[in-house]
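# Pasted the sequence and its predicted model underneath.
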Amino acid sequence: MSPALGQNTFKYISGLLALALLAGCAPIPGSPTEPKPSLATSTQNYTQIGGSPVDAVPLSMVPDMSTVDQSDEHRHIFTQHFKVTSVPAVGEAQRGLVELAMGKFDQGNVPDVSAGLENSGELNIRSYLTAVSPNVLGIRTAAYQSVDSVGSNRFLTQWFDTRKGSVLGSRDLFDSADDWADFREFVAQTAASNPLIAPESVTQLEDAWLDSVNFDAQGNATVELDDAAITAGTAQSVVVTVSASNIIPLLSPFGLMARTAGMAPTPRLPAISAVPWGNPEEPEDPAVPAPPSGEEKTVDCTKAKCVALTFDDGPGPKTGKLLYDLKKADAPATFFVVGPNAKTRPELLKRMIAEGHEVGNHTWTHRSLTALSPANIRSEIDRTNEVISAAIDQPATLLRPPYGAHNSTSDRLAQTPVILWDVDTLDWKHKNADKVVSSALSQTRPGSIVLMHDIHSTTVAAVPRILAGLKAKGYTFVTVTELLGKDKLKSGETYLRAPSTAKGSVKNGGKK
């Protein structure tokens, strides 16, 4: 087994990315000492084109794990990675991976300013928990990068030995050089049986293509290969599965623990007292309140000075605090949520509805819809609506496309009104509460839709001053639907601000 990398975390990740990203202990059946199967017996192994090799493990199984979301609306960058309070190596390794990928993306995505061209690329990085035990964590990261309209997916799985606080890679799952060589041969033989894979690529199988190894519920090893890594005529990722009977004799002691943590995850108890997804600074009352029993407040925005505050990309770790501040100011808002965050924090969606807010759809992976096929656009919307419906008993009735990127196809497939904005606080860029407050107060006009992101703590910190400042100017806070008028909204049309001040909806317009 390779030595734990420990303090060499960043050196290790840099090497992996340069090649690949460009942009517990209970006994289990089998042991490394069992006779190794013949490579000729690998007929149970198989490949698949597209799709994820394993289901994500609920983040609640690691109570002190939290997500770190970052966005850059202008450069079309959205990333989400993890940190674990009791295992600092997780946050360091995940952050290092994201920073290196962003650096490589910037190098290849330089617009021709002299020709008046804007950035045309996109970078989307998301991490998924794939294995959990008291001693092991497995985190799979999927990165999509496009430059000049040419995009591809790349994958990397980081393994953490939480006893030592070290980060390990695919090679560390195997006991010896010979075991690793046998595993490579199983992968090569299985890949060679797929007619979509170029035979010459299999003979040149590189270690870097094997840097995303996980274990499914049956204990088989799954290898997720980068798009077009060894495929002929397809731009989809390839998953190669090596059967449990073939993989068990090859695994190192850590690899056996990782396999158990992947096929039968067990909750990890935090080393410190943690508040899952909580807000320690938030007052005591933010348990999910009962639905309001009084008459609903109605506002006539053709007469009142209305504004709709909107928050994208959450719910985030500070959304509970934001909801408290909005409730205190009696200010309804609209939240455009991304699927995985909504799935992780359904109690916050329930609370949003109970406190008079509105929940909209911001897709599943925050990909630019204009770069996706019609089928993938619908999948992005439908998957998110499923988790929204599970939380609040109804799907979202509004869609906000990531980055504001939309076209006639995505508008039609939305099957709801498409909501843009006329006030961009640039909170994702400045991450400075004072600047967010200044932007919101200076740009807002009657009928405005204001764009903010509740994944940024600086934005949450700015909201009380925004509420007070706009209220002092005579504004009334409403949801987007209240602002635009429920009976006037039409599916497939896009809206920048209130029709009363913009002479109706703006079809297919407002793209940033």
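It's in.
# quick one, domains of the chain?
For the chain, automatic domain parsing gives the domain ranges 6-263, 306-502.
# Same list (those domains) but as CSV, adding mean neighbour count, distance to Thr298 and mean pLDDT.
Glycine gets a C-beta too; all of them are placed from N, C-alpha and C. Converted to CSV, the domains of the chain look like this (neighbours: other CB atoms under 10 Å; distance: least, CB to CB, whole Å; pLDDT from 0 to 100):
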stretch, mean neighbour count, distance to Thr298, mean pLDDT
domain 6-263, 19, 33, 79
domain 306-502, 21, 8, 96
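# which residues in the stretch 1-150 of the chain form helices?
9-20, 88-108 (DSSP state H, counting those that start in this stretch).
# Strands along the stretch 401-512 of the chain, start to end?
Assigned by DSSP state E, counting those that start in this stretch, the stretch 401-512 of the chain shows strands spanning 418-419, 423-424, 448-453, 476-477, 494-495.
# Pipe those strands into JSON lines and attach distance to Val307 per row.
Below are these laid out as JSON lines (distance: least, CB to CB, whole Å):
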{"stretch": "strand 418-419", "distance to Val307": "14"}
{"stretch": "strand 423-424", "distance to Val307": "9"}
{"stretch": "strand 448-453", "distance to Val307": "5"}
{"stretch": "strand 476-477", "distance to Val307": "6"}
{"stretch": "strand 494-495", "distance to Val307": "14"}
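# of all these, which lies closest to Ala258?
strand 448-453 (35.2 Å; CB to CB).
# Contacts made by the closest one with the rest, please.
71, 307-314, 419-425, 427-428, 436, 440, 443-444, 459, 463, 480, 483, 495-498 (CB atoms under 8 Å, 6 or more residues apart in numbering).
# strand partners of that strand, parallel vs antiparallel please.
Paired strands of strand 448-453, with direction, are strand 306-312 (parallel), strand 423-424 (parallel) (DSSP bridges).
# any idea how far that strand is from the chain center?
21 Å (CA atoms, centre = their mean, to the nearest Å).
# ok, now stretch 322-329?
Distance, centroid of stretch 322-329 to centroid of chain: 26 Å (CA atoms, centre = their mean).
# So which residues of the stretch 1-150 of the chain form strands?
46-49, 65-72, 77-84, 122-132, 136-147, 150-161.
# Tell me the spacing between Thr334 and Leu269.
From Thr334 across to Leu269, the span is 38 Å (CB to CB, to the nearest Å).
# Also Gly262?
From Gly262 over to Leu269 (counting by CB to CB), the distance is 19 Å.
# Same check on Ile392?
Distance, Ile392 to Leu269, using CB to CB: 31 Å.
# Kindly report the same for Gln443.
Gln443 is 48 Å from Leu269, where distance means CB to CB.
# now Leu123
35 Å.
# try Ala371
Distance of Ala371 to Leu269, given as CB to CB: 42 Å.
# for Ile388, same thing?
From Ile388 to Leu269 the distance is 31 Å (CB to CB).
# could you list every residue that touches the spatially most central residue of the chain?
Nearest residue to the geometric centre of the chain (CA atoms, centre = their mean): Arg126, 4.2 Å. Counting by CB under 8 Å, 6+ apart, Arg126 makes contact with Thr79, Gln80, Thr141, Ala142, Pro340, Thr365.
# Please repeat the previous calculation with a cut-off of 6 Å.
By CB atoms under 6 Å, 6 or more residues apart in numbering, the contact set of Arg126 is Gln80, Ala142.
# Check the one 10 residues further on too.
Contacts for Val136 were tallied using CB under 6 Å, 6+ apart; they are Met257, Ala258, Ala261.
# Now those in JSON lines, please, with extra columns for distance to His406.
Converted to JSON lines, those look like this (distance: CB to CB, whole Å):
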{"residue": "Met257", "distance to His406": "46"}
{"residue": "Ala258", "distance to His406": "42"}
{"residue": "Ala261", "distance to His406": "41"}
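# In helices only, show me the residues you listed.
Counting by DSSP state H, these place Met257, Ala258, Ala261 in helices.
# Relative to Gln107, which of the residues you listed is nearest.
Ala258 (33.5 Å).
# how much space between that closest one and Thr319?
Note on Ala258: its distance to Thr319, by CB to CB, is 33 Å.
# can you check Met352 too?
Applying CB to CB, the value for Met352 to Thr319 is 9 Å.
# Give the residues shared as contacts by these two.
With CB under 6 Å, 6+ apart as the test, Met352 and Thr319 reach no residue in common.
# Tell me where the stretch 151-300 of the chain has helices.
177-192, 199-203, 244-247, 253-263.
# In a markdown table: the ones you listed, plus distance to Ala101.
Output for the helices of the stretch 151-300 of the chain, formatted as a markdown table (distance: least, CB to CB, whole Å):
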| stretch | distance to Ala101 |
| --- | --- |
| helix 177-192 | 24 |
| helix 199-203 | 24 |
| helix 244-247 | 29 |
| helix 253-263 | 24 |
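# Of those, which is nearest Ala89?
Ala89 lies closest, by CB to CB, to one member of the helices of the stretch 151-300 of the chain: helix 253-263, at 14.5 Å.
# same for that closest one, what does it pack against?
strand 122-132, strand 136-147, strand 213-215 (3 or more CB pairs under 6 Å, 6 or more residues apart in numbering; DSSP states H and E).
# Please state the offset of that helix from the chain centre?
Remark: helix 253-263 is offset 25 Å from the chain centroid, using CA atoms, centre = their mean.
# Please apply the same query to stretch 463-482.
Distance, stretch centre to chain centre, for stretch 463-482: 30 Å (CA atoms, centre = their mean).
# first to last residue in it, what's the distance?
Using CA to CA, to the nearest Å, the end-to-end distance of stretch 463-482 comes to 20 Å.
# again with stretch 142-156
Note: stretch 142-156 ends 7 Å apart using CA to CA.
# ditto for stretch 363-370
In stretch 363-370, first residue to last residue: 13 Å (CA to CA).
# List the contacts of that stretch.
Applying CB under 6 Å, 6+ apart, the set of residues contacting stretch 363-370 is 76, 78, 122, 124, 338-339, 377, 380, 383-384, 401-403, 405, 407, 410.
# Leu484 and Ser373: what is the separation?
From Leu484 across to Ser373, the span is 30 Å (CB to CB).
# before we move on, what about Cys306?
38 Å.
# and what of Gly360?
Note on Gly360: its distance to Ser373, by CB to CB, is 23 Å.
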